[in-house]
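Q: fold the following and give me the result.
(chains A and B)
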There are 2 protein chains.
Amino acid sequence: MNVLWIFAHPEGRSLNAALRDEGLAALAELGHSYQVSDLYAMKWNPVVDYDDFGHDPRERMRVAAASHEAYRSGRLPADIQAEHEKLAWADALVVQFPLWWYGMPAILKGWFDRVLVKGLGYGIKAADGTVLRYGDGQLTGKRAMVVTTVGARPASIGPRGVNGDLDDLLFPLHHGAFWYTGIAPLPPYPVFSADRLDEAGYAAAVAGLRDRLRTLPTAEPIPFRRQNGGDYDENLVLRADLAPGRSDLGVHLRD
Amino acid sequence: MNVLWIFAHPEGRSLNAALRDEGLAALAELGHSYQVSDLYAMKWNPVVDYDDFGHDPRERMRVAAASHEAYRSGRLPADIQAEHEKLAWADALVVQFPLWWYGMPAILKGWFDRVLVKGLGYGIKAADGTVLRYGDGQLTGKRAMVVTTVGARPASIGPRGVNGDLDDLLFPLHHGAFWYTGIAPLPPYPVFSADRLDEAGYAAAVAGLRDRLRTLPTAEPIPFRRQNGGDYDENLVLRADLAPGRSDLGVHLRD
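A: Prediction:
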């Protein structure tokens, strides 16, 4: 498989960097090819702006429309086009980051903001006008796995934990970015208590990561429902007979 | 009241900019003082890096420790210090952004990443060692309201909507950033179908915003539970007798 590893940590000798190096070594041993987008090393610009689109601001064009136009006409800047080429090449993404304020570091959020332009990430329609998203989209067929370091202990960021359940905290990324564009998200690989790992804890974190990379091509994705699979009504609300009476984010998982 | 309005949209003639101008006019009419952090206009740097902390990377200091040290010794860069002064001055924050990939634009996420350094945003302990967060913290006594423009129609981003419920999508910001640091989050003010607003829709959006700003000082915050309020056990998991049998994010709301 071709794997794009997107990495967002500022320190080359951090726990995150060590895990990344172990992960890349494992991919090579497994016979996969990989490319790395090391966002800090690349000095990735995370800020969407009209500069990206060669757009005259006097036109009052919306961001989405400007990005669509630049994408269609091949006028996106080289740094975005380079990520598009990596995306086209990749069968799988590994997206690795420390959990900051219960989400992605800004430099990584801005990878999604800038790379997933209209026409590639959203605004896709079938010939019959059906909107293609949430399980259908330009990136269908790819898979993605989050690797994240978390300061909290597992219980406090699990079900009923004070920090909120990690699965819910990652819903905007898993469902709102990966699944939205057609990418099948795999269960994440979190490293808990990341500020307090001893040697044994680090060894266990590496072993767990290697295990998860072994099953990268075969693991069952998180079973989100497809928008066009018949589970949602004409207002895009889940049918009343599915997960009846519930309104937690888990209703978007198939039974 | 003193209000800090944090604004994250690239286009000065956008719907967002128009709403911001209406909102600021309303604040002035109501007799409030305000400051604006217009992140695009300020060319805000959203990327946390060791440069911020005057830190020698050979020390292998963790990001959190480096930020704490720089904060305590007054060596943070001027742009972060300026935001700290505004924060200290403010009784309330309005945080306005277009919802991109179901979260904040990167430039705004990076406001939280860079401004809420250790010692101000987290890592706060009482004299007896109690960790002060989720309802207790350096920013206790302030309130905050999100104003966000959303492409989706209300039903599709409400309970059981295909996009996920907006309250859950905003949980990392409301609970994981505001409430974590002690700030009381007010119910958000979303403007739905933002790509398709006609004149009447725009007028309604403005009127609604003005209403919500009128009650900015008095509105009941989202009733999140306090970490130190007795509702969580020693593992920081919600007591079994509270919201029994549930594990949705709503369990973190008081009854």
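Q: could you point out which element follows the worst-scoring helix or strand of chain A on mean pLDDT?
A: In chain A, no helix or strand scores lower on mean pLDDT, DSSP states H and E than helix A:63-72, which sits at a mean of 88. Following helix A:63-72 in sequence order, the next helix or strand is helix A:78-89 (DSSP states H and E).
Q: outside of that following helix, which residues touch it?
A: Here helix A:78-89 makes contact (C-beta atoms under 8 Å, 6 or more residues apart in numbering or on different chains) with A:2, A:4, A:35, A:37, A:42, A:44-45, A:52, A:76, A:93, A:111, A:114-115, A:117, A:120, A:139, A:142. In this view, the C-beta of every residue, glycine as well, is placed from N, C-alpha and C.
Q: now do that helix and helix A:63-72, the angle between them.
A: Orientation note: helix A:78-89 sits at an angle of 70 degrees relative to helix A:63-72 (axes from the mean of the first three to the mean of the last three C-alpha atoms, to 10 degrees).
Q: chain center to helix A:78-89: distance?
A: 15 Å (C-alpha atoms, centre = their mean, to the nearest Å).
Q: kindly format the C-alpha coordinates of that helix as PDB.
A: As requested, the backbone C-alpha atoms of helix A:78-89 are provided in PDB (Å, rounded to 0.1, in the frame of the first residue of the first chain):
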ATOM      1  CA  ALA A  78       2.300  24.600  -5.400                       C
ATOM      2  CA  ASP A  79       2.100  23.600  -1.700                       C
ATOM      3  CA  ILE A  80      -1.600  22.600  -2.000                       C
ATOM      4  CA  GLN A  81      -1.000  20.900  -5.300                       C
ATOM      5  CA  ALA A  82       1.800  18.800  -3.800                       C
ATOM      6  CA  GLU A  83      -0.600  17.600  -1.100                       C
ATOM      7  CA  HIS A  84      -3.100  16.700  -3.700                       C
ATOM      8  CA  GLU A  85      -0.600  14.600  -5.600                       C
ATOM      9  CA  LYS A  86       0.300  12.800  -2.400                       C
ATOM     10  CA  LEU A  87      -3.400  12.200  -1.600                       C
ATOM     11  CA  ALA A  88      -4.000  10.800  -5.100                       C
ATOM     12  CA  TRP A  89      -1.000   8.500  -4.700                       C
END
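Q: could you list the buried residues of the least confident helix or strand of chain A?
A: Using 16 or more other C-beta atoms under 10 Å in any protein chain shown as the test for burial, helix A:63-72 gives A:63-71.
Q: so which of those residues are also by chain B?
A: A:63-64 (C-beta under 8 Å from any C-beta of the partner chain).
Q: can you put the buried residues of helix A:63-72 in a markdown table and add distance to residue B:211?
A: Listed next are the buried residues of helix A:63-72 as a markdown table, based on distance: C-beta to C-beta, whole Å:
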| residue | distance to residue B:211 |
| --- | --- |
| A:63 | 28 |
| A:64 | 29 |
| A:65 | 31 |
| A:66 | 33 |
| A:67 | 33 |
| A:68 | 35 |
| A:69 | 37 |
| A:70 | 38 |
| A:71 | 39 |
